[in-house]
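1. Okay, structure incoming, though there's no sequence with it:
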Ligand code: ADP
């Protein structure tokens, strides 16, 4: 395909730097574990570096929790459950959750900057999406705390006890909110582990939890890698596992909980179809495609990584898409003009590059934007592949990077069967002028969420979760309460 021959607008704006200030950020050099309301040294005595993927500089050292530490965290969660949290009235529980929500709002700027420093995502995303949505989840579930009887009429909703929660690196604070808020609202206590590359906003949340006066042990925060996660999953006194991450680890967790009475929700990978019909508003669709796969570096499990264009508009959509791709700014995530920030880690960049090579070897045609990349840090240009087939690995496998595979279709039945031909079923998008087409398509798509004429829109009232290898259970909304309750 090569470079776009007819740019519709001058794509290289000469913008002055617009960096978000980092002066107000208060970070320690070293973070210990947050257990029983105290900052506790890890019994492993080990600390690992968390780095800024845009600069490769170490931001802080973070404690690595071993089995003993996890045990300590679970014991403290159990004690808090038995002695305090299960005895509080639901209304009182709700007040604490509201307080956490308000404190996140108050410290929103600090949270956004740290999320961007630690994870590489652009400040626009962390400021406008991650942090406000995290606060919104606490507000939303705070409201449910004393209304569980109305949520489940004629049932007797009871908490499960101690919830073990494991989160990934793509939305650290938001995933913590998705998990902690419903757990607390339903009367459970929590042991939560951050992902290895993005522990900092969770420890900032620990500071918020301290300020909110939450009784010690109700939320315990640990950090570490897979072994730490496994220690939570395998702990006998944990009643519920909530996991968001890769399908591979999801399968390990599912095997580990078989035969136990742990309730489990798994939110795993995805390979979403974004479908553009000829009657769609094409400019909006192109924005939706860009938003779906390139913003947030494609580090989104529901990223629209498979694009299906109706054949009659293929050329025009591809041209508009390339033009828009060419205008994207890749670079300093702290700059408010940047569209695509740093890839989260060297390891993840390696995975994405490997898939780009796979795409080329499979005979697909590649187009990448031509912008300059910073010298230090982990970067990937927005990438698009055409001439792919249903069986191509870049069409079937989750890449978790800014890489889009484009296919075409003629009829609605054809695109539904192509879109559903995936081991995953987390999300999808459809762009069309016709409501009837939307209803026809959404009812037949095997995807937990389908966006119509929009993409990646989130709201705490709306449930989220997958089909097939994208996992099971729902988070968000009324549905998100159920996995934390015995009814
Ligand atoms: P990703 O590809 O998004 O990093 P992973 O599934 O590897 O997804 O990681 C998601 C979370 O699961 C991280 O917090 C990681 O530390 C944790 N994890 C990794 N291996 C295991 C395991 N065997 N048991 C429990 N948690 C794990």
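-> Perfect, I can see it now. This one's a predicted model, so the numbers in the text were calculated from it and none came from an experiment.
2. Which elements pack onto the host helix or strand of residue 142?
-> Assigned by DSSP states H and E, residue 142 belongs to helix 131-144. Other elements packing on helix 131-144 under the criterion 3 or more Cβ pairs under 8 Å, 6 or more residues apart in numbering; DSSP states H and E are helix 90-106, helix 108-119, helix 172-185. Using the backbone N, CA and C atoms, a C-beta is placed for each residue, glycine as well.
3. what inclination does it have with respect to helix 108-119?
-> On the basis of axes from the mean of the first three to the mean of the last three Cα atoms, to 10 degrees, helix 131-144 is oriented at 120 degrees to helix 108-119.
4. What is the subsequent helix or strand relative to helix 131-144?
-> Following helix 131-144 in sequence, per DSSP H and E, is helix 148-151.
5. could you point out which element follows that next one?
-> strand 158-159.
6. Dump the helices and strands packed on helix 131-144 to a markdown table, plus mean pLDDT, distance to the ligand and mean neighbour count.
-> Output for the helices and strands packed on helix 131-144, formatted as a markdown table (pLDDT from 0 to 100; distance: least, Cβ to the nearest ligand atom, whole Å; neighbours: other Cβ atoms under 10 Å):
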| stretch | mean pLDDT | distance to the ligand | mean neighbour count |
| --- | --- | --- | --- |
| helix 90-106 | 98 | 21 | 19 |
| helix 108-119 | 98 | 12 | 25 |
| helix 172-185 | 98 | 9 | 27 |
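7. Compare those and report which one is nearest to residue 431.
-> helix 172-185 (25.7 Å; Cβ to Cβ).
8. Could you give the separation of that closest one from the chain centroid?
-> 12 Å (Cα atoms, centre = their mean, to the nearest Å).
9. elements contacting it?
-> By 3+ Cβ pairs under 8 Å, 6+ apart, helix 172-185 packs against helix 90-106, helix 108-119, helix 131-144, strand 162-166, strand 189-193, helix 200-211, strand 240-244.
10. In this structure residue 382 contacts residue 328, no?
-> Yes - between residue 382 and residue 328 there is a contact at 5.5 Å, judged by Cβ atoms under 8 Å.
11. list the residues that contact both of the two?
-> With contacts taken as Cβ atoms under 8 Å, 6 or more residues apart in numbering, the residues that reach both residue 382 and residue 328 are 290, 294, 340, 369.
12. how about CSV for the residues you listed, with distance to residue 54 added?
-> CSV is the format used below for the shared contacts of residue 382 and residue 328 (distance: Cβ to Cβ, whole Å):
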residue, distance to residue 54
290, 21
294, 17
340, 11
369, 18
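13. from the stretch 201-350 of the chain, which residue is nearest to the ligand?
-> Closest approach of the stretch 201-350 of the chain to the ligand (Cβ to the nearest ligand atom) occurs at residue 229, with a separation of 2.2 Å.
14. still on that earlier bit, between the helices and strands packed on helix 131-144, which one is closest to residue 211.
-> Judging the helices and strands packed on helix 131-144 by Cβ to Cβ, what sits closest to residue 211 is helix 90-106, at 5.6 Å.
15. sec struct for residue 271, please.
-> With DSSP: H, G, I helix; E, B strand; the rest coil as the basis, residue 271 sits in coil.
16. Any idea what residue 189 is bridged to?
-> Applying DSSP bridges to residue 189 gives these bridge partners: residue 162.
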